[in-house]
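A.B. asks: Build the 3D model from these lines:
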Amino acid sequence: MDNKNREVLRLAIPAIVTNITVPLLGLVDTLITGHLGRTAYIGAVSVGATLFNMIYWNFGFLRMGTSGQTAQAFGRQDHEEMAGALFRSLFFAMLFSGLIWLLQWPITTLAFRLMDTTPEVEENALRYFRICIWGAPAILGMYSLKGWYIGMQNTRFPMIVAISINLLNILFSLFFVYVLGWKVEGVAYGTLIAQYMGLICSVSLWLKRYSVYWSHLNFKRAMHRAELMGFFRLNGGIFLRTLCLNAVMSFFTFAGAHQGEVLLAVNVLLMQLFNLFSYFTDGFAYAGEALVGKYVGAKDREGVRDSIKLIFVWGARLVVLFTLLYALGAQPFIQLLTDQEEVRNAASSYYGWVLLIPIAGVSAFLWDGIMVGATAIKPMIYATLFAAIAFFLIYFSCEGWLGNHALWLAFIVYLAIRGLVQTMMRRRVGAYCIRPRYAKRTDANNVCG
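C.D. replies: Below you'll find the predicted structure:
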C-alpha cells in the first residue's frame with residue numbers, strides 16, 4: 001500500500017499545484033489593471049475573463065474524455081490508441097477553435113445584451129475579448145494535451161505548463177502595459193502570447209518525452225467510425241454534465257446579485273473557500289482518473305479497488321483538515337479579503353454552511369475523477385442532473401423564508417447528491433467486471449476476461 005500511496009501522491013501533488021496556479025492567470029490581469037487609474041479597466045478585464053470562462057468551460061470534455069481514454073489505453077499498453085486518443089482530441093480542439101472564432105460576434109452581442117455594464121466597461125471588454133479570442137486553439141489544445149498527460153500518469157508536465165503560463169503572462173503584460181502603455185490591450189496581448197507560449201511548452205515537453213508515439217499513430221484507426229462514435233458518446237455525456245454544472249454555478253452568482261451588494265460580496269468571498277477545497281480535492285480526483293483508467297485498461301480489478309480506497313482515504317483526510325481549517329480560519333480569511341465591516345458582519349451568519357462544504361463535496365469531486373478514468377459517464381450525468389434539479393427545487397421552495405440561506409442550503413444539498421448518486425452507481429466502475437464502455441469491443445479489452 002505504501003507504493004500505491006506514493007503513486008497517488010506523485011499524481012495528486014503536481015495536480016494540486018496546477019489547480020492553484022490556474023486562477024492566478026485572471027488574478028494577475030486584475031492586479032495590473034487595478035493600478036491603471038480607471039475602474040472601468042478592472043471591470044472590463046473581469047467581464048472578459050468571465051465570458052471566456054463560460055465559453056471554455058463547456059469544452060472541458062476535451063481534457064476529461066482524453067484523460068479517461070488515454071489512461072485505459074495506457075493500462076492495456078495499446079500504443080496505437082494512446083497516440084490515436086491524442087490525435088482525435090487535438091483534431092477536434094482545432095475544429096472547435098475555428099467554430100469559436102466564427103461565432104465570436106454573436107457571442108459578444110448576446111453576452112453584452114445580458115450583462116448590465118456601462119458603455120466604457122463594454123467597450124474595453126470588447127477590446128480585451130477580440131484580442132484574447134485568438135487564443136482559442138492554444139487553450140483547447142492545452143486541454144487535450146493536459147488530459148493526455150494525466151492519462152499517461154504524468155501530472156508534472158501540466159504543472160510545468162501552468163507555472164510557465166503565469167510567469168510569462170506577468171512578464172508580457174507588465175511590459176506591454178507599463179513600458180509600451182497599451183492599457184487593456186496590453187493585458188490582453190500579454191495573456192494571448194502567454195497562452196501560445198504555454199501551448200509551445202506543452203508540445204515541446206511532448207516531443208522531448210513522447211515523440212516515439214508518433215510512429216504508433218494509425219490515422220485510419222484513430223478516425224475510424226467506431227472510434228469517433230465512442231469519442232462523441234463519451235464527450236457528449238461530459239458536455240451535458242458540464243451544462244448542468246454551469247447552470248448551477250451561474251445561477252448561484254445571479255441569485256446572489258439579487259440579494260443586494262452586501263450578500264453578493266459575502267457569497268463571492270465564501271465561494272473562495274469552496275474553490276480552495278476543490279483545488280486540493282481535484283488533485284486527488286486527477287490521480288483517480290489516471291490510476292483507475294490504467295487499472296481498468298489492464299483488467300486489474302484489485303488495482304482499481306485499491307486505488308479507489310486510497311483516493312477516498314486521502315479525501316477523508318482532506319475533509320478533516322479543511323473542516324478544522326474553516327472552523328478556525330474562515331473568519332480571519334474573510335477579514336483578510338475585505339475591510340468592509342458590513343460584509344464581515346453579514347458573512348458571520350454563513351460560516352456554518354462553509355463547514356459543510358468539505359463533507360458534502362468530497363465524494364462528488366473524487367467520484368468524478370474515478371468515473372472519468374473508468375469512462376463510466378452515465379453516473380456523472382445522472383448525479384449532476386438530479387443534483388441540479390434538487391438545487392433549483394430547494395432554492396425556489398425556500399428562498400421566500402430563508403433568503404440567501406436558501407441558496408447555500410440548495411448548494412450543499414446539490415454537492416451531497418452528486419456524491420450520493422455516484423456512490424450508489426459505483427458498480428459501473430471497472431472494478432466490478434465492467435467492459436470499458438468506449439473501447440473497441442474485442443476480447444483483449446474485456447475487463448471481465
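A.B. asks: which helices and strands does the helix or strand hosting residue 247 pack with?
C.D. replies: Assessed by DSSP states H and E, residue 247 sits inside helix 225-257. Other elements packing on helix 225-257 under the criterion 3 or more Cβ pairs under 8 Å, 6 or more residues apart in numbering; DSSP states H and E are helix 39-57, helix 61-75, helix 79-102, helix 261-297, helix 377-402, helix 404-424. All C-beta atoms are positioned from the backbone trio N, CA, C, and that covers glycine.
A.B. asks: And that helix, what's buried?
C.D. replies: 227, 230-231, 234-235, 237-242, 244-246, 248-249, 251-252, 255-256 (16 or more other Cβ atoms under 10 Å).
A.B. asks: just stretch 47-55 next, same as before
C.D. replies: 47, 48, 49, 50, 51, 52, 55.
A.B. asks: how much does the helix holding residue 247 deviate in direction from helix 39-57?
C.D. replies: Angle of helix 225-257 versus helix 39-57, following axes from the mean of the first three to the mean of the last three Cα atoms, to 10 degrees, is 150 degrees.
A.B. asks: from the helices and strands packed on helix 225-257, which stretch is densest packed?
C.D. replies: The highest average neighbour count among those, using mean count of other Cβ atoms under 10 Å, belongs to helix 61-75 at a mean of 29.
A.B. asks: and it with helix 39-57, angle?
C.D. replies: Helix 61-75 and helix 39-57 meet at an angle of 40 degrees, taking the same axes, to 10 degrees as the criterion.
A.B. asks: helices or strands up against helix 61-75?
C.D. replies: Going by 3+ Cβ pairs under 8 Å, 6+ apart, helix 61-75 lies up against helix 79-102, helix 136-151, helix 225-257, helix 261-297, helix 351-373.
A.B. asks: Quick one: distance of that helix to the chain centre.
C.D. replies: Distance of helix 61-75 from its chain centroid, counting by Cα atoms, centre = their mean, to the nearest Å, is 15 Å.
A.B. asks: Let me know the average pLDDT across that helix.
C.D. replies: Averaged across helix 61-75, the pLDDT comes to 92.
A.B. asks: same check, this time on stretch 398-408
C.D. replies: Average pLDDT, stretch 398-408: 87.
A.B. asks: Look up how far residue 141 lies from residue 407.
C.D. replies: Distance, residue 407 to residue 141, by Cβ to Cβ, to the nearest Å: 37 Å.
A.B. asks: Also residue 62?
C.D. replies: 9 Å.
A.B. asks: anything in contact with each of these two?
C.D. replies: Common contacts of residue 62 and residue 141 (Cβ atoms under 8 Å, 6 or more residues apart in numbering): residue 93.
A.B. asks: what's around residue 302, how many residues?
C.D. replies: Residue 302 has 9 neighbouring residues, counting by other Cβ atoms under 10 Å.
A.B. asks: Check it and give its pLDDT.
C.D. replies: Confidence at residue 302, expressed as pLDDT, is 88.
A.B. asks: and if you look at residue 394?
C.D. replies: For residue 394, pLDDT reads 95.
A.B. asks: give the contact list for it.
C.D. replies: 406, 409, 410, 413.
A.B. asks: Who are the contact partners of the first one?
C.D. replies: Taking Cβ under 8 Å, 6+ apart as the contact definition, residue 406 lies against 394, 395, 397, 398, 399.
A.B. asks: try residue 205
C.D. replies: Shown in contact with residue 205 (Cβ under 8 Å, 6+ apart): 157, 160, 161.
A.B. asks: ranking the residues you listed by neighbours, who comes first?
C.D. replies: residue 161 (25 neighbours).
A.B. asks: Secondary structure element holding that residue?
C.D. replies: Under the assignment here (DSSP H and E), residue 161 is part of helix 156-174.
A.B. asks: Report all helices and strands that that helix contacts.
C.D. replies: Helix 156-174 packs on helix 2-21, helix 24-33, helix 136-151, helix 183-210, going by 3+ Cβ pairs under 8 Å, 6+ apart.
A.B. asks: Mean pLDDT and distance to residue 113 added to the ones you listed, as JSON lines?
C.D. replies: Output for these, formatted as JSON lines (pLDDT from 0 to 100; distance: least, Cβ to Cβ, whole Å):
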{"stretch": "helix 2-21", "mean pLDDT": "88", "distance to residue 113": "33"}
{"stretch": "helix 24-33", "mean pLDDT": "68", "distance to residue 113": "23"}
{"stretch": "helix 136-151", "mean pLDDT": "96", "distance to residue 113": "22"}
{"stretch": "helix 183-210", "mean pLDDT": "92", "distance to residue 113": "21"}
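A.B. asks: just the ones you listed: most buried one?
C.D. replies: Sorting these by mean neighbours (by mean count of other Cβ under 10 Å), the first place falls to helix 136-151, with a mean of 26.
A.B. asks: CA atoms of it as CSV?
C.D. replies: Provided in CSV are the C-alpha atoms of helix 136-151 (Å, rounded to 0.1, in the frame of the first residue of the first chain):
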residue,chain,number,x,y,z
ALA,A,136,-8.8,29.6,-28.5
PRO,A,137,-6.5,27.0,-30.3
ALA,A,138,-3.9,27.4,-27.6
ILE,A,139,-6.4,26.9,-24.7
LEU,A,140,-8.3,24.0,-26.3
GLY,A,141,-5.0,22.4,-27.5
MET,A,142,-3.7,22.5,-23.9
TYR,A,143,-6.9,20.9,-22.7
SER,A,144,-6.2,18.0,-25.0
LEU,A,145,-2.6,17.7,-24.0
LYS,A,146,-3.3,18.1,-20.3
GLY,A,147,-5.8,15.2,-20.5
TRP,A,148,-3.4,13.1,-22.4
TYR,A,149,-0.6,13.7,-19.9
ILE,A,150,-2.9,12.8,-17.0
GLY,A,151,-3.9,9.6,-18.8
